[in-house]
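K.L.:
okay, predicted coordinates and the sequence, questions at the end:
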Amino acid sequence: MNDRIIIRGLQVAATVGVPDAERTSPQRLEIDLVLEGDFRELGDDVARTTDYAAVAAWVRVRCNEREFRLLETLAEDLADGVLAEFPRVAAVGVEIRKFVLPEVGSVGVGIRRER
């Protein structure tokens, strides 16, 4: 599928990390989402596509709802949730970056899931 909505650099706060000390308070994460679907029959009608603002808001809320040890688990949770909550999304890519290592811009994970 080649039709995509891209949300790049979504800033969220989430409690994530393997060491207990890393999970004492939420930390800044940056998330990219690629929402795949079919744009051919939209007819310029916003109701026929995926509302990217609603997806971004849902991701922010979801990141605050629970604690995660692994970025991989958070990415899987977000991908599954986007597919469940937004029926027009046929596949979703999720990349998450966090900023915890000195002298490293970021570390992260990326996954893609489809219906």
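P.N.:
Received the coordinates, thanks. Numbers count the residues shown, from 1 in each chain.
K.L.:
any weak-confidence spans in this protein?
P.N.:
Applying pLDDT under 70 to the chain flags the ranges 1.
K.L.:
what about the helices in it?
P.N.:
For the chain, applying DSSP state H gives helices covering 52-65, 71-85.
K.L.:
which one of the ones you listed lies nearest to residue 15?
P.N.:
Among the helices of the chain, the nearest to residue 15 by CB to CB is helix 52-65 (8.3 Å). For the C-beta atoms, the positions are set from N, CA and C on the backbone; glycine is no exception.
K.L.:
got the angle for that closest one vs helix 71-85?
P.N.:
130 degrees (axes from the mean of the first three to the mean of the last three CA atoms, to 10 degrees).
K.L.:
could I get the CA-only coordinates of helix 52-65 as CSV?
P.N.:
Extracted as CSV, the C-alpha positions of helix 52-65 are listed here (Å, rounded to 0.1, in the frame of the first residue of the first chain):
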residue,chain,number,x,y,z
TYR,A,52,-4.3,12.5,12.2
ALA,A,53,-5.1,14.9,15.0
ALA,A,54,-7.2,12.3,16.7
VAL,A,55,-4.5,9.7,16.2
ALA,A,56,-1.9,12.0,17.8
ALA,A,57,-4.2,12.8,20.7
TRP,A,58,-4.9,9.0,21.2
VAL,A,59,-1.2,8.2,21.2
ARG,A,60,-0.5,10.9,23.8
VAL,A,61,-3.2,9.6,26.1
ARG,A,62,-2.1,6.0,25.6
CYS,A,63,1.5,6.8,26.5
ASN,A,64,0.2,8.2,29.8
GLU,A,65,-2.1,5.4,30.7
